[in-house]
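Asks: sequence and predicted model, in that order:
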Amino acid sequence: MKFKFHIVPQEHPLIRYQHESVALCEGLLELGFEFYGSDNYWFDAKNNNYLIKKMPYNFNSDVDVYSTYYFRAFPEEILNVDYKKINVFIDREDGLYGEYGNPNYKKFNLILRTHYNKNINYNYYNKNIKPWAFGLSNRIINSINESYKEPIIDRTFISFRLSHDLRSKAVEEMSPVLAKKHPMFNAITMHIETKEALALSEIDQSYWEQSGHRHDPAYYKLLNSSLLTYSFGGFIFTKPFATNRIVKQFQSLYKIKADILTKLQKDNSSCHFIDQYDSWRLWESFYANTCPIHMNFDNWDWVLPVMPINKVHYWGVSGFNFKESAEELLNIDNRAIMEIGNAGKQWSIENYSPKATALRLIEMIKKI
């Protein structure tokens with residue numbers, strides 16, 4: 001089985017960090033599969049070579065992998081898809097109604113959807129849409145490993161790079177309670193936009209540039225040395241009344257219900273939908289020596305290919321009960337919190353390492 005990854009080249013004005021393709025190719029390389037790209041991508045400064053190399057003229061693939069970013073940069077390429085091959089589309093965009101609903105992708109054999117949510121009837125659009133996740137890459141794994149011996153400090157690390165309304169709500173409602181025992185430590189290291197200010201090594205500088213300024217060894221060190229880490233991500237919307245666009249106009253019924261529950265001072269989370277819950281911050285927290293705090297995946301109808309277990313692999317907030325969740329966490333001793341962090345680390349590497357991710361795709365392709 002041979003793979004071709006359709007890549008937006010680094011010099012293109014619409015270049016984006018194509019993390020999912022990198023992780024898949026790292027896994028395929030480890031498994032011994034042959035793959036090339038439509039262009040060179042992801043320069044490995046350690047080996048002085050590209051992970052994804054531009055394909056030779058005579059290369060013929062069995063599986064072609066596309067992404068949201070590729071078709072945004074080259075929209076005309078949808079006309080050149082070879083449907084005699086197995087075609088895979090990575091849809092990592094957020095939103096209730098994402099790229100997966102595009103009729104141009106009807107013939108694709110697989111659509112790998114991050115931010116998968118049970119509240120959307122994906123079969124209405126395409127029966128080949130499957131849950132996916134950002135997962136881990138070797139850059140994340142190796143960089144976090146470099147500081148894994150850092151002593152753990154009893155603190156709650158807040159490291160949000162971008163502002164989400166869910167993050168703001170969590171900080172406002174959870175932090176005052178949690179800080180009674182686990183002080184807040186707010187360090188947004190990656191807002192620095194110049195490589196000179198970061199004083200990076202040549203290898204780290206290369207990763208920083210290629211990842212859209214998401215790579216910072218100082219951040220990984222802080223992550224490894226914090227007992228707890230806020231891993232929240234997402235925006236809060238009114239829940240769709242039903243699971244497709246046809247009845248989207250009835251969303252106002254949930255808005256009315258939410259207003260009534262608010263006036264009664266009751267939890268109105270059942271009327272809401274959290275989007276964009278997956279992030280690099282989440283997976284970095286899973287793999288590091290910290291206990292991630294996020295929303296309860298099962299309670300919020302989120303779906304990953306392999307699900308984490310609340311209070312076993314991470315600490316999840318059900319509904320909007322931030323204060324209650326914090327009070328409960330105060331009653332958990334630090335050793336038990338560290339055990340959750342260790343279990344999450346093991347779970348993430350077993351199920352979302354590059355090798356595990358590539359194996360998952362291979363098994364999905366075998367079923368086609």
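Replies: Thanks, I have it. Worth saying up front: this structure is predicted, and the values here are computed from it rather than measured.
Asks: tell me the domain ranges of this protein?
Replies: Per automatic domain parsing, the structural domains of the chain span 2-136+354-366, 138-234+276-351.
Asks: biggest helix in this structure by residues?
Replies: Using DSSP state H, we find that the single longest helix of the chain is helix 334-352.
Asks: can you tell me what sits against that one?
Replies: Residues outside helix 334-352 that contact it (C-beta atoms under 8 Å, 6 or more residues apart in numbering) are 133, 135-136, 141, 152, 154, 227-228, 283, 285-292, 305-306, 308, 311-315, 329, 356. In short, each C-beta sits where N, CA and C put it, glycine included.
Asks: what does stretch 123-134 give?
Replies: Contact with stretch 123-134 is made by 19-20, 90-92, 100-101, 105-106, 108-114, 116, 122, 243-244, 278-280, 282-283, 303-305, 352, 364, as judged by C-beta under 8 Å, 6+ apart.
Asks: give the buried residues for stretch 356-368.
Replies: For stretch 356-368, the buried set under the neighbour-count rule, 16 or more other C-beta atoms under 10 Å, comprises 356-358, 360-362, 364-365.
Asks: and for stretch 126-146?
Replies: Quick answer for stretch 126-146 (16+ other C-beta under 10 Å): 126, 128-141, 143-144.
Asks: repeat for stretch 37-55
Replies: 37-44, 50-53, 55.
Asks: list just the nearest of those residues to residue 31.
Replies: Comparing the buried residues of stretch 37-55 against residue 31 with C-beta to C-beta picks out residue 51 as the nearest, at 14.1 Å.
Asks: sec struct for that closest one, please.
Replies: strand (DSSP: H, G, I helix; E, B strand; the rest coil).
Asks: quick one: contacts for it?
Replies: By C-beta under 8 Å, 6+ apart, the contact set of residue 51 is 22, 25-26, 29, 41-44.
Asks: make it 10 Å
Replies: Applying C-beta atoms under 10 Å, 6 or more residues apart in numbering to residue 51 gives the contacts 5, 21-22, 25-26, 29, 35, 37, 40-44, 137-138.
Asks: residue 232 contacts residue 166, correct?
Replies: Yes. Using C-beta atoms under 10 Å, residue 232 is in contact with residue 166, at 5.3 Å.
Asks: where do the contact lists of these two overlap?
Replies: With C-beta under 10 Å, 6+ apart as the test, residue 232 and residue 166 both reach 274, 277, 294-295, 317.
Asks: same list (the residues you listed) but as TSV, adding neighbour count.
Replies: Formatted as TSV, these follow (neighbours: other C-beta atoms under 10 Å):
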residue	neighbour count
274	23
277	24
294	27
295	26
317	26
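Asks: any weak-confidence spans in the stretch 51-200 of the chain?
Replies: In the predicted model, the stretch 51-200 of the chain carries pLDDT under 70 at residues 97, 188-198.
Asks: now the strands for it?
Replies: For the stretch 51-200 of the chain, strands defined by DSSP state E, counting those that start in this stretch occupy the ranges 63-67, 86-91, 110-113, 129-131, 153-158, 184-186.
Asks: partner strands of the second one, with direction?
Replies: Under the criterion DSSP bridges, strand 86-91 sits next to strand 63-67 (parallel), strand 110-113 (parallel) in its sheet.
Asks: then the last one?
Replies: According to DSSP bridges, strand 184-186 forms sheet pairs with strand 153-158 (parallel).
Asks: the strand it pairs with vs helix 334-352, what angle?
Replies: 50 degrees (axes from the mean of the first three to the mean of the last three C-alpha atoms, to 10 degrees).
Asks: can I get strand 153-158 as CSV, trimmed to CA atoms?
Replies: C-alpha atoms of strand 153-158 as CSV (Å, rounded to 0.1, in the frame of the first residue of the first chain):
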residue,chain,number,x,y,z
ILE,A,153,5.0,21.7,41.7
ASP,A,154,1.6,21.9,43.3
ARG,A,155,0.0,24.4,41.0
THR,A,156,-2.6,24.7,38.2
PHE,A,157,-1.0,25.8,35.0
ILE,A,158,-3.0,28.1,32.7
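Asks: buried residues in that strand, which are they?
Replies: Within strand 153-158, judged by 16+ other C-beta under 10 Å, the buried ones are 155-158.
Asks: which one of those residues sits closest to residue 71?
Replies: For those, the nearest to residue 71 is residue 158 (35.6 Å; C-beta to C-beta).
Asks: can you verify my assumption that the closest one contacts residue 185?
Replies: Yes. Taking contacts as C-beta under 10 Å, residue 158 lies within contact range of residue 185: 6.8 Å.
Asks: shared neighbours of these two, anything?
Replies: Joint contacts of residue 158 and residue 185 (C-beta under 10 Å, 6+ apart) are 226, 228-229.
Asks: format the domains of the chain as a markdown table; extra columns: distance to residue 270.
Replies: A markdown table is the format used below for the domains of the chain (distance: least, C-beta to C-beta, whole Å):
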| stretch | distance to residue 270 |
| --- | --- |
| domain 2-136+354-366 | 11 |
| domain 138-234+276-351 | 8 |
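Asks: circling back: mean neighbour count for the strands paired with strand 86-91 - can I get that in JSON lines?
Replies: Shown next, in JSON lines, are the strands paired with strand 86-91 (neighbours: other C-beta under 10 Å):
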{"stretch": "strand 63-67", "mean neighbour count": "24"}
{"stretch": "strand 110-113", "mean neighbour count": "24"}
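Asks: could you export those strands as JSON lines, including distance to residue 83?
Replies: Compiled in JSON lines, those are given as follows (distance: least, C-beta to C-beta, whole Å):
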{"stretch": "strand 63-67", "distance to residue 83": "10"}
{"stretch": "strand 110-113", "distance to residue 83": "13"}
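Asks: who wins for proximity to residue 202 among those?
Replies: Using C-beta to C-beta, the strands paired with strand 86-91 put strand 63-67 closest to residue 202, at 28.2 Å.
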